[in-house]
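Asks: Have a look at this prediction, sequence included:
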Amino acid sequence: MTISPYALPPGGVPDQSGHISGRAVFRTAYAVIPNDVLRDIVTSRLPHWSQTRAWILARPLSGFAETFFQAILEVQPGGGSARPEPDPDGEGAYFVLAGTLEIAYADRTERLGPGGFAWMAPGERYTVTNPGTGPVTFHWIRKAYQPVADIATPASFSAPADSVAPVAMANAEGRWRTTRLIDPDDIRHDMHVNVVSLDPGALIPFAETHVMEHGLYVLEGKAVYRLNEDWVEVEAGDFMWLRAFCPQACYAGGTGPFSYLLYKDVNRHPSLQLR
């Protein structure tokens, strides 16, 4: 059995020797959901998913992040769904943290291990199952696909772990890299999902400030993250939810690599209608 390199929700419930203070933060511009609050009592069951529980990390909320849903799903052996997506306009991205995920679509069946990725087009008929002997844990990121006249909707695809090469960021001496799981030059796509990796001591050297919303899940390591006017310590298994225009930067301050899974909305004209 392969040991996952990525952080997982701890589950369970702390005993009575614990304390109620913690690292969770909710601000106007961002939220931090630390790993130690992803316990059994905050999971949800989902319709048409069997032997599955979900830690829902983000969903569209008026006045906060409005474009996406993100959750960690844990599926027991033999479980899954033949009707995973309830919204006819919904597109879905899957990133495996641990175990084996089997996804069947368009007359093909793929088995993905840790680091494996799949993107399912809106309206795709597909199934998600766990063919293994232990649980499979993965991220599911969803948004309403925004079609564009005379631009075709992309086809569903899957990518095994390490099949996409990381790209070194400019002027970083190879210490800051981005693995772009969806082709950033493909205008058909309206979301990007990336894995961002920094070596110990590397940094994002400016406070990014932009209209794209973000979901960030720390896969491994530790860092100090700049969120709006605050510096927040984050570690493997933490989730950050960033509103549009929230300033952001980070310094990888741990002794090992720091990496995170990143969602953002892209490639569309912003609507001129207030929602």
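Replies: In hand now; what should we look at?
Asks: C-alpha from now on. contacts and neighbour counts both.
Replies: Fine.
Asks: out of everything not next to it in sequence, what's closest to Asp265?
Replies: Met191 (4.5 Å; C-alpha to C-alpha, 6 or more residues apart in numbering).
Asks: Now do that neighbour, the pLDDT please.
Replies: Met191 is assigned a predicted lDDT (pLDDT) of 97.
Asks: That one touches Gly215, doesn't it?
Replies: No. Met191 lies out of contact with Gly215 (C-alpha atoms under 8 Å); the separation is 11.6 Å.
Asks: Could you pull up the contacting residues of Ala54?
Replies: 43-46, 71-74 (C-alpha atoms under 8 Å, 6 or more residues apart in numbering).
Asks: let me fix that: Asp238
Replies: 32-35, 217-218.
Asks: The same query, at a cut-off of 7 Å, please.
Replies: Applying C-alpha atoms under 7 Å, 6 or more residues apart in numbering to Asp238 gives the contacts 33-35, 217-218.
Asks: between the residues you listed, which is closest to Thr153?
Replies: Taking C-alpha to C-alpha as the measure, Thr153 sits nearest to Tyr217 out of the contacts of Asp238, at 27.3 Å.
Asks: Can you give me the distance of that closest one to Ile41?
Replies: 20 Å (C-alpha to C-alpha, to the nearest Å).
Asks: Settle it for me: which of those two has more neighbours?
Replies: Tyr217 (29 against 11; other C-alpha atoms under 10 Å).
Asks: Output the strand or helix carrying the more buried one as PDB, restricted to C-alpha atoms.
Replies: Using DSSP states H and E, Tyr217 maps to strand 214-220. Extracted as PDB, the C-alpha positions of strand 214-220 are listed here (Å, rounded to 0.1, in the frame of the first residue of the first chain):
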ATOM      1  CA  HIS A 214      -9.000  31.300  -4.300                       C
ATOM      2  CA  GLY A 215      -9.300  28.000  -2.400                       C
ATOM      3  CA  LEU A 216      -5.900  26.900  -1.000                       C
ATOM      4  CA  TYR A 217      -5.400  23.500   0.700                       C
ATOM      5  CA  VAL A 218      -1.900  22.900   2.200                       C
ATOM      6  CA  LEU A 219      -0.700  19.500   0.900                       C
ATOM      7  CA  GLU A 220       2.600  19.500   2.800                       C
END
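Asks: What strands line up against it, and which way round?
Replies: strand 239-242 (antiparallel), strand 258-265 (antiparallel) (DSSP bridges).
Asks: Tell me which of those strands lies nearest to Tyr6.
Replies: Here strand 258-265 is closest among the strands paired with strand 214-220 (C-alpha to C-alpha), at 9.4 Å.
Asks: Give me the contacts around that closest one.
Replies: Contacts for strand 258-265 (C-alpha under 7 Å, 6+ apart): 190-199, 212-223, 252.
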